[in-house]
Structures are given as structure tokens and as C-alpha cells.
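In: After the sequence you'll find the predicted model.
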Amino acid sequence: MINLELKCNIVLHWGAGQLVEINKRLEPDEATKVISDIVRHGGEIVLSRHCRNRMNERNLSMHDLLAVLLNGVVEWSSEYSKEHEQYRYKVTGQTIDSGKATAVTVILNHRSILIVTVY
């Protein structure tokens, strides 16, 4: 069983450009550690409107998303979005009911991540 009693700040992100992004490409193992550390140590998790819509459509709860972010793995190199000038990492892991999900994640700074979408 996964303990999800964390003190995270969950923010609904409705506009672009409100948070400062980091433009450093991380290796998959480094990105995995940074993302899980941000969640584990009470960092800010920003959810895009698109992410919230997809979570509802796919019946994924916030607990499912937290389980993926805490225990999932970035298996491939990042993708660079020219439009948003940011690196995106796909974190894949198990949901609380042992399903599988992937969260497309942007590391905004050492205390904040943005979840772009989840599937």
C-alpha cells in the first residue's frame, strides 16, 4: 500500500507564463528523482486545465496522480516543447489500484512541477 499523506500544494493552472521554468535538460534518472523529491517534500504541483479534464475523463484521482509521481519512473529522454520553451518528462507508474498511468510533467523550478496531461 502506498502512503499518500503528503503536504503538497496543489494549484490549478489556468494561464501560461505564470511560473518560472527551468531550461536544463535532465537525464531520466535525474528527472525521476527531482520530480519525486518535489512531491515528497511538499513542493508545489500545478495542474493544467487540460490535465484536470483528462483526469476526469480517465477516472484518475489526485491520489492516483500522486502515486505515479512518487513511485513512477522517467524512462525516456525529455521532449522539448519549442512553443512553451520547456522540457517535458513522461513519468510512468502505478495508480493506487495498481493500474498504469503516465503524467507528462514539466519541472518549473526546484520546488514546483507542472502536470500538462495524464493518460
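Out: Received the coordinates, thanks. It should be emphasised that the depicted structure is a prediction, and the values quoted were computed from it without experimental measurement.
In: what's the following helix or strand after the helix or strand of the chain with the lowest mean pLDDT?
Out: The element with the least model confidence among the helices and strands of the chain, by mean pLDDT, DSSP states H and E, is strand 9-13, at a mean of 49. Moving toward the C-terminus from strand 9-13, the first helix or strand encountered (DSSP states H and E) is helix 28-40.
In: Sort out which residues of that following helix are buried, please.
Out: 28, 31-32, 34-36, 38-39 (16 or more other C-beta atoms under 10 Å). In short, each C-beta sits where N, CA and C put it, glycine included.
In: would you list those residues in TSV and tack on distance to residue 112 and pLDDT?
Out: Shown next, in TSV, are those (distance: C-beta to C-beta, whole Å; pLDDT from 0 to 100):
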residue	distance to residue 112	pLDDT
28	20	95
31	14	95
32	17	96
34	11	94
35	11	96
36	14	96
38	7	95
39	11	96
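In: Which pair in those residues has the greatest spatial separation?
Out: The span of the buried residues of helix 28-40, defined through C-beta to C-beta, is set by 28 and 39 at 16.9 Å.
In: Need phi/psi at the nearest residue to residue 28 once chain neighbours are set aside.
Out: For residue 28, ignoring the flanking residues on the chain, the nearest one in space by C-beta to C-beta, 6 or more residues apart in numbering is residue 74 at 4.3 Å. Dihedral pair for residue 74: phi -90, psi 110, per degrees, to the nearest 10.
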